[in-house]
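predicted model and sequence follow; I will ask about them next.
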Amino acid sequence: MAIALNRLNARQVQTIKEPGRHADGGGLYLVVDKSGARRWVFLFRWKATPTEPGTGKLREMGLGSAISVSLAAARESAVRVREQIAAGVDPIAASRIAKAAASVPTFGEVAEAHIRAMEPAWRNSKHVAQWRSTLSLERGEDGAFLEAGYCAGIRDKAVDQISTEDVLAILSPIWSEKNETASRVRGRIEAVLDAAKAKGLRSGENPARWKGHLALTLPKRQKLQRGHHEAMAYGDVPALVKRLRLVRGMSAFALEFAILTAARSGEVRGARWGEMDLKAKVWTVPAARMKAGREHRVPLCARAVEILETLAQVKPEPGDLVFPGQKKGAPLSDMSLTALLRRLKVDVTVHGFRSSFRDWAGDTTAFPREVAEAALAHAVGDATEAAYRRSDALAKRKGLMDVWGAFVG
């Protein structure tokens, strides 16, 4: 027998005064209360299990007030409910789940709240910026999120739906290439998800937890590396530089200068005063002393210039070494800077500070990749990078090195 539908019309919905249920057909009813209030309900019979005897319990599902929900909208809702029942889905339970899901904030929203809560305890605004960058919370001038970033894929996902697969999708591509950065990203995701659990927004194991979880899937974390050069996490560089300034001595000056300029150890130890232009704040390394065989200009930040001015008090000649060794006319040995690090009980290489600089530039600044690569005097491949090399991007690199110098302290 065909189901009689659409018994009511819009005028009746507004004018019926008799209290009770008024059928529109197919389970949809307009209920008029004694107070005159009108609301939509859907009546249906539901068996909790297929083996339950009888035709099932009569259940009532509210579809909203007749003031805010029109007759047409109520009929559309009734159609969806009938489809759910036909498919064996409890419409009341499904509605409850949908409402709960809608109330769960996204990973990005929880991350924003966590950063705001932790900000007073963090060292400075740079630390906050690093968290926002790695968690893909940076916004453009129009206020929209920038799509770039490690966590862009989960930023708009409900925080209770973040899975181990989601975390691995973020970490696996960078785990070996940028292990220190990947480790920081993992730790920050774990902290956000722990905060969500503490607020009752998710349950179960944290999918970003390392011990006993991701440790079984990803290789053991190594020290930050570029090839075989062990490097220091960029966040730890400022503290090391403070220690160097207490040590003083030629090796300490040379090492700090190498860190501030992101130069190779040999380039620093072989530097001569004729290469330094303190007025222009530029160090020009001749092609003969460069690994790539090309002249390289290095912008000098304020602290690098200060080091040179301190050493220049002895009135050197242009051909004199900037960082002379103990033997007259001889540079510092290739082990002098490494030996200094060992005395400070710092298990990294001098060359590794170039990696620290590169990761800092990529993780915490908006300078283009080509500028950061040019600062390291790296050979470039594509047309855009080649264009930077032809002009050597000195002006832009000056800005980058000034920011690096300020970060180092």
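Sure, I can see it. Just so we're clear, the structure is a prediction, and the values are computed from it rather than from any experiment.

which non-adjacent residue is nearest the residue sitting nearest the centre point of the chain?
A centroid search over the chain (CA atoms, centre = their mean) returns Thr134, at 1.8 Å, as the residue closest to the centre. Closest residue to Thr134 apart from its sequence neighbours, by CB to CB, 6 or more residues apart in numbering: Val185 at 5.0 Å. Where C-beta positions appear, they are placed from N, C-alpha and C, glycine not excepted.

what is the helix or strand harbouring Val268 packed up against?
Secondary structure from DSSP states H and E places Val268 in helix 265-269. Helix 265-269 sits against helix 249-261, helix 336-343, with contacts defined as 3 or more CB pairs under 8 Å, 6 or more residues apart in numbering; DSSP states H and E.

contacts for it next, please.
Helix 265-269 has contacts (CB atoms under 8 Å, 6 or more residues apart in numbering) with 254, 257-258, 261, 285, 289-290, 296, 323, 331-332, 334, 336-337, 350-351.

the top helix by length along the chain: how far from the chain's middle?
Longest helix in the chain by number of residues, with DSSP state H as the criterion: helix 179-198. In terms of CA atoms, centre = their mean, to the nearest Å, the centre of helix 179-198 is found 10 Å from the chain centre.

where in the stretch 1-150 of the chain is pLDDT low?
Within the stretch 1-150 of the chain, the segments meeting pLDDT under 70 span 1-3, 48-55, 100-102, 123-126, 140-143, 146-148.

what about the strands in the stretch 201-350 of the chain?
225-226, 229-230, 276-277, 282-285, 296-299 (DSSP state E, counting those that start in this stretch).

rank the helices and strands packed on helix 265-269 by mean pLDDT and give me the bottom one.
Mean pLDDT is lowest for helix 336-343 out of the helices and strands packed on helix 265-269, coming in at a mean of 87.

and the angle from the very next helix or strand once past it to helix 249-261?
Remark: after helix 336-343, the chain's next helix or strand is helix 352-364, criterion DSSP H and E. Relative orientation of helix 352-364 versus helix 249-261 (axes from the mean of the first three to the mean of the last three CA atoms, to 10 degrees): 30 degrees.

picking up where we left off before, buried deepest among the strands of the stretch 201-350 of the chain, which one?
Among these, strand 296-299 has the highest mean neighbour count (mean count of other CB atoms under 10 Å), at a mean of 22.

picking up where we left off before, Pro173 is in contact with the residue nearest to Thr134, correct?
No. Val185 is beyond contact range of Pro173, at 11.0 Å (criterion: CB atoms under 8 Å).

compare these two (neighbour count), which wins?
Val185 (24 against 12; other CB atoms under 10 Å).

quick one: residues contacting that one.
Counted by CB under 8 Å, 6+ apart, Val185 has contacts Thr134, Leu135, Tyr150, Cys151, Ile170, Leu171, Ile174.

farthest-separated two in these?
Leu135 and Ile174 (14.2 Å; CB to CB).
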